[in-house]
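In: sequence-free structure coming up:
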């Protein structure tokens with residue numbers, strides 16, 4: 001398994017290198033970002049998921065304790081909500097941890113051509129914090145809905161309302177980092193046609 005990962009990693013790096021030398025920027029972006037995401041999921045996801053899940057549960061539980069509405073057993077990545085005589089526990093697994101979105105954002109960013117290396121480091125850190133905070137907001141919204149309206153709203157809160165909040169915040173991040181940057185670059189860029197060394201009389 002390790003040998004296959006190493007061979008795949010070397011092959012991916014070589015292909016990205018060839019695409020870069022060939023100046024095929026679009027294919028370099030696609031192959032590079034997809035490959036980086038896959039290898040991050042294979043190598044880093046098993047290592048980072050548990051700490052990230054515990055961090056999400058801990059911060060969410062802290063908000064619950066401050067508001068007196070719910071609390072967490074962050075050691076087990078659990079958030080406990082009580083509504084009257086009923087109660088429900090939310091388990092923060094790897095899908096709820098935000099690890100997939102963090103890896104996707106990181107993979108796209110590092111093969112996005114409009115930023116310098118230093119800018120990518122800063123933007124990557126800000127993006128990770130943004131996604132983490134968005135996930136906390138999502139979890140808090142789910143817990144509050146269950147706390148105030150009971151277990152019957154859990155499916156709506158988790159599968160619909162929470163996801164709308166999280167992905168709306170994620171879209172804002174992706175827009176400012178990728179779409180807006182691309183638009184501004186096009187506006188300030190110079191258009192060239194033909195041989196720029198020739199002057200028009």
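Out: Received the coordinates, thanks. From a predicted model like this one, the values you see are computed outputs, not experimental measurements.

In: How are the helices of the protein distributed by residue range?
Out: Along the chain, the segments classed as helices by DSSP state H run 2-21, 25-43, 45-67, 94-97, 99-110, 117-149, 154-155, 162-174, 180-188.

In: Could you pull up the mean pLDDT of the shortest one?
Out: Taken as a whole, helix 154-155 has an average pLDDT of 92.

In: The fifth one now?
Out: For helix 99-110, the per-residue pLDDT values average out at 97.

In: Now do that helix against helix 117-149, angle only.
Out: Interaxial angle of helix 99-110 relative to helix 117-149 (axes from the mean of the first three to the mean of the last three C-alpha atoms, to 10 degrees): 160 degrees.

In: residues making contact with helix 99-110?
Out: Helix 99-110 is contacted from outside by 32-34, 36-37, 40-41, 44-45, 48-49, 52, 94, 115, 120, 123-124, 127-128, 131-132, 135, 170, 173-174, 177-178, using C-beta atoms under 8 Å, 6 or more residues apart in numbering. Backbone N, C-alpha and C define where each C-beta goes, glycine included.

In: hmm, which of those are the buried ones?
Out: Buried members of the contacts of helix 99-110, scored by 16 or more other C-beta atoms under 10 Å, are 32-33, 36-37, 40-41, 45, 48-49, 52, 94, 115, 120, 123-124, 127-128, 131-132, 135, 170, 173-174, 177.

In: Can you tell me how far residue 108 is from residue 81?
Out: Distance of residue 108 to residue 81, computed by C-beta to C-beta, to the nearest Å: 34 Å.

In: Tell me which of these two has more neighbours.
Out: Remark: of residue 108 and residue 81, residue 81 carries more neighbours, 23 against 19, as counted by other C-beta atoms under 10 Å.

In: before we move on, the earlier item: distance to residue 77 added to the helices of the chain, as TSV?
Out: Listed next are the helices of the chain as TSV, based on distance: least, C-beta to C-beta, whole Å:
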stretch	distance to residue 77
helix 2-21	27
helix 25-43	19
helix 45-67	4
helix 94-97	8
helix 99-110	12
helix 117-149	11
helix 154-155	17
helix 162-174	16
helix 180-188	35
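
In: Give me the average confidence score over stretch 135-145.
Out: Stretch 135-145 shows an average pLDDT of 96 in the prediction.

In: Centre of the chain to that stretch, how far?
Out: Centroid separation for stretch 135-145 versus its chain: 17 Å, with C-alpha atoms, centre = their mean, to the nearest Å.

In: and if you look at stretch 49-68?
Out: Distance, stretch centre to chain centre, for stretch 49-68: 18 Å (C-alpha atoms, centre = their mean).

In: which residues are contacting it?
Out: Among residues not part of stretch 49-68, those counted as contacts by C-beta under 8 Å, 6+ apart are 70-79, 81, 92-94, 96-99, 102, 132, 135-136, 139-140, 143-144.

In: ok, 10 Å please
Out: Stretch 49-68 is contacted by residues 45, 69-81, 90-100, 102, 128, 132-133, 135-140, 142-144, 147 when judged by C-beta atoms under 10 Å, 6 or more residues apart in numbering.

In: burial measure for the closest residue to residue 44 other than its chain neighbours, as a count.
Out: Excluding its sequence neighbours, the residue lying closest to residue 44 (C-beta to C-beta, 6 or more residues apart in numbering) is residue 103, at 7.4 Å. Using other C-beta under 10 Å, residue 103 is surrounded by 19 other residues.
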